[in-house]
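Visitor: With the input below, show me the fold.
(chains A, B, C and D)
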Number of protein chains: 2
Amino acid sequence: MDRQRKQIPQIGAKKRLDVKGAGEVDCQDCGLDPMCSILEYAEEGSDVPEGILLRRRQVSRGETIFMKDDPFRSVFAVKSGSFKTYIPKFSGIDQVVGFHVIGELIGIEGIAAERYPYTARALQDSSVCELRIESLQETGRELETLQKGIISMLSAEVAFNHQLIASLIHQSADQRLAGFLLNLSDRLHARGMRQEEFQIGMSRSDIGSYLGLASETVSRVLTRFQKQGLIQLRHKRLRLLDRAGLEELAER
Amino acid sequence: MDRQRKQIPQIGAKKRLDVKGAGEVDCQDCGLDPMCSILEYAEEGSDVPEGILLRRRQVSRGETIFMKDDPFRSVFAVKSGSFKTYIPKFSGIDQVVGFHVIGELIGIEGIAAERYPYTARALQDSSVCELRIESLQETGRELETLQKGIISMLSAEVAFNHQLIASLIHQSADQRLAGFLLNLSDRLHARGMRQEEFQIGMSRSDIGSYLGLASETVSRVLTRFQKQGLIQLRHKRLRLLDRAGLEELAER
DNA sequence: CGTCTTATTGAATTGTCTCAACATGCGTGG
DNA sequence: CCACGCATGTTGAGACAATTCAATAAGACG
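Guide: Purely as a prediction, here's the structure:
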């Protein structure tokens, strides 16, 4: 149902930077869309502040788009591929704080402190859209919509983190993994990708770091999920065979 | 050094609702201050939207100021006392997601979804300032400052949660408790309270829920901290005897 | 095709939880 | 003001899930 939006031509869409290629997210499915829309006016209107622009960029696997504590300049949207965000050497080892799949934003949290609170690294060859916002000051009064968008995204992030914290505290390794896989699937689905089969770009250690588990535990649980017929996992390709079963596991 | 601000008379301060009583936070130390300042104009100017107002309220111990999923109407600032915020019956048991001491805000996360994402309950007899904001829509273009304030607070919250998540994942019970006590102390200090001795309004179970520990573990660790001469804890009154020792414990 | 990284599997260890008993504090009403 | 009862905190012993250490297997990449 949600997918039908894809078919609807969008007013002003011709002005977008969008040149959708295979494996890329549609602009109207992209988290940056509410802000991108503003920029259509920007291109012809004149009351948009300096220091705001949008551009595309290719990012190869392993490359970082910014490092922790770099001065904040832009918000990025994942156009294709995926990223991990992490705090380098937190307590002696990198702490993964998030994964960002197609259509999702990276870096918005840095806007107030004017520094990125984490490093963002591509898990595979990817591409991003960059929305340059030199500083919150500069965006000024003109971009009320932008500010509202930021507020929405931040508060969604806070809510998500509350859930995550609760999960980390009270859930077993099985429950965390089941929830993680379902969440990933849902997020991809929300961006117009298939939800039953997809690539997981992240390593077992990345997942473990994110979920608070040793990589060995992640491996063991995933293997067991396979034996139980819940998932099928070959190489980096994951297929959810028994969604209901996973949901049952993740709940309580 | 920071404390000296207290002495400086502030322009327009007479227009504030502020009637500081014993044990209350100064307005200039309050998290709502940047927004309150706007309201000084509101009282004489005329271009402030309907649906915004500020009022004081007493809240007795155990009373809630809002429940999870209530429609969002206001942000609250703790004027005196303290609060816990929690998700009722998350996985069968209440999940504490935050503590709010003097000068701190409660409920801002609900602004985008227009519902509160948690219940807020007074841990002791307290008082709050209420900043009524019917909805994000209504605040509109006039209150750019308000929006910036919201963005700052939300992104600080996100950063804090990232730290918390990392802690929950990688730290032992000792480390979590040590960090928790130091954090509490710092936050009180930031609002002009003494940092070496203060009331902890929350129960062992609350702390345990928040930190992902059984209440018995919290009790055991606190007892051990006492034996090690790190803290002194009588009834609900906590004194940090060896800050450096706690910091060493919390770090790695 | 060999090397280096990532993943799997096993066995022993451990920190925290659970269950349980007991102690203490706190508010209420007599 | 004291006594009672309920809520909260402390302490102990055993259980268990996940970790750590270690050895092997499988992929990825030049």
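Visitor: for the helix or strand hosting residue A:144, packing partners?
Guide: Assigned by DSSP states H and E, residue A:144 falls within helix A:144-170. Using 3 or more C-beta pairs under 8 Å, 6 or more residues apart in numbering or on different chains; DSSP states H and E as the contact test, the elements touching helix A:144-170 are helix A:33-44, helix A:173-190, strand B:83-90, strand B:93-100, helix B:144-170. Where you see a C-beta, it was placed from the backbone N, CA and C, and this is true even at glycine.
Visitor: and it, does that touch DNA strand C?
Guide: No. Helix A:144-170 is not in contact with DNA strand C by C-beta under 7 Å from any atom of the strand; minimum separation 8.0 Å.
Visitor: picking that back up, wait, which of the helices and strands packed on helix A:144-170 is closest to DNA strand D?
Guide: helix A:173-190 (3.7 Å; C-beta to the nearest atom of the strand).
Visitor: how far does the helix or strand just after the closest one sit from the chain's center?
Guide: Next helix or strand after helix A:173-190 toward the C-terminus (DSSP H and E): strand A:197-199. Computed by C-alpha atoms, centre = their mean, to the nearest Å, the chain-centroid distance of strand A:197-199 equals 15 Å.
Visitor: And the contacts of strand A:197-199?
Guide: Residues from elsewhere that reach strand A:197-199 (C-beta atoms under 8 Å, 6 or more residues apart in numbering or on different chains): A:82, A:124, A:184, A:185, A:188, A:236, A:237, A:238, A:239, A:240.
Visitor: What average pLDDT does that strand get?
Guide: In this model, strand A:197-199 carries a mean pLDDT of 91.
Visitor: Is DNA strand D within reach of that strand?
Guide: No. Strand A:197-199 stays clear of DNA strand D (C-beta under 7 Å from any atom of the strand), getting no nearer than 10.4 Å.
Visitor: What strands flank that strand, and is each parallel or antiparallel?
Guide: Strand pairing for strand A:197-199, using DSSP bridges, gives strand A:237-240 (antiparallel).
Visitor: Need the pLDDT of the closest residue to residue A:192 other than its chain neighbours.
Guide: Using C-beta to C-beta, 6 or more residues apart in numbering or on different chains and skipping the chain neighbours, the partner closest in space to residue A:192 is residue A:29 (4.7 Å). pLDDT recorded at residue A:29 is 71.
Visitor: Residue A:29: neighbour count?
Guide: Using other C-beta atoms under 10 Å in any protein chain shown, residue A:29 has 18 other residues around it.
Visitor: correct me, but it touches residue A:101?
Guide: No. Counting by C-beta atoms under 8 Å, residue A:101 is not a contact partner of residue A:29; they are 11.4 Å apart.
Visitor: Identify the contacts common to the two.
Guide: residue A:191.
Visitor: what does the stretch 51-200 of chain A have sitting close to chain B?
Guide: A:87, A:90-93, A:95, A:97, A:108-113, A:117-118, A:136, A:140-141, A:144, A:147-148, A:150-152, A:154-159, A:161-162, A:164-166, A:168-171 (C-beta under 8 Å from any C-beta of the partner chain).
Visitor: The stretch 51-200 of chain A against DNA strand D: which residues are in contact?
Guide: Close to DNA strand D, as judged by C-beta under 7 Å from any atom of the strand, the stretch 51-200 of chain A has residues A:61, A:172, A:173, A:174.
Visitor: Could I get these in CSV, plus columns for neighbour count?
Guide: Output for these, formatted as CSV (neighbours: other C-beta atoms under 10 Å in any protein chain shown):
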residue, neighbour count
A:61, 12
A:172, 12
A:173, 17
A:174, 17
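Visitor: so which of those residues comes closest to chain B?
Guide: Closest approach to chain B among those (C-beta to the nearest C-beta): residue A:172, at 11.0 Å.
Visitor: pLDDT below threshold where in the stretch 101-250 of chain A?
Guide: Scanning the stretch 101-250 of chain A for pLDDT under 70 picks out A:134-143.
Visitor: what do you get if the cut-off is 80, keeping everything else the same?
Guide: A:132-148 (pLDDT under 80).
Visitor: Point out the residues in it that sit beside DNA strand C.
Guide: Checking the stretch 101-250 of chain A against DNA strand C by C-beta under 7 Å from any atom of the strand, the hits are A:203, A:204, A:205, A:215, A:216, A:218, A:219, A:220, A:222, A:223, A:233.
Visitor: Where neighbours are concerned, which of those has the most?
Guide: residue A:218 (23 neighbours).
Visitor: ok, now which ones touch that residue?
Guide: Applying C-beta under 8 Å, 6+ apart, the residues contacting residue A:218 are A:173, A:177, A:204, A:205, A:207, A:208, A:211.
Visitor: Packing partners of the host helix or strand of residue A:205?
Guide: Per DSSP H and E, residue A:205 falls inside helix A:204-211. Here helix A:204-211 touches strand A:83-90, strand A:93-100, helix A:173-190, helix A:215-227, going by 3+ C-beta pairs under 8 Å, 6+ apart.
Visitor: Select, out of these, the one closest to residue A:128.
Guide: strand A:83-90 (8.2 Å; C-beta to C-beta).
Visitor: Can you list the neighbours in contact with that closest one?
Guide: Against strand A:83-90 from outside (C-beta under 8 Å, 6+ apart): A:65, A:67-68, A:94-100, A:106, A:117-123, A:126, A:202, A:206, A:209-210, B:162, B:166, B:170.
Visitor: wait, what's in contact with the residue sitting nearest the centre point of chain A?
Guide: Residue closest to the average C-alpha location in chain A (C-alpha atoms, centre = their mean): residue A:100, at 2.3 Å. Residue A:100 sits next to A:78, A:82, A:83, A:84, A:85, A:106, A:120 when contact means C-beta under 8 Å, 6+ apart.
Visitor: how does it look with 10 Å?
Guide: For residue A:100, the contacting residues are A:31, A:76-78, A:81-85, A:106-107, A:120, A:122-123, A:126, A:128, A:187, by C-beta atoms under 10 Å, 6 or more residues apart in numbering or on different chains.
Visitor: From those residues, which land in strands?
Guide: A:76, A:77, A:78, A:83, A:84, A:85, A:106, A:120, A:122, A:126, A:128 (DSSP state E).
Visitor: Bridging across strands, which residues link to the first one?
Guide: What that stands for is residue A:76. Residues in a beta bridge with residue A:76, per DSSP bridges, are residue A:106, residue A:130.
Visitor: Next up, identify which helix or strand whatever residue of the stretch 1-150 of chain A ends up closest to DNA strand D is on.
Guide: Closest approach between the stretch 1-150 of chain A and DNA strand D, counting by C-beta to the nearest atom of the strand: residue A:61, at 6.3 Å. Taking DSSP H and E as the definition, one finds residue A:61 inside no helix or strand.
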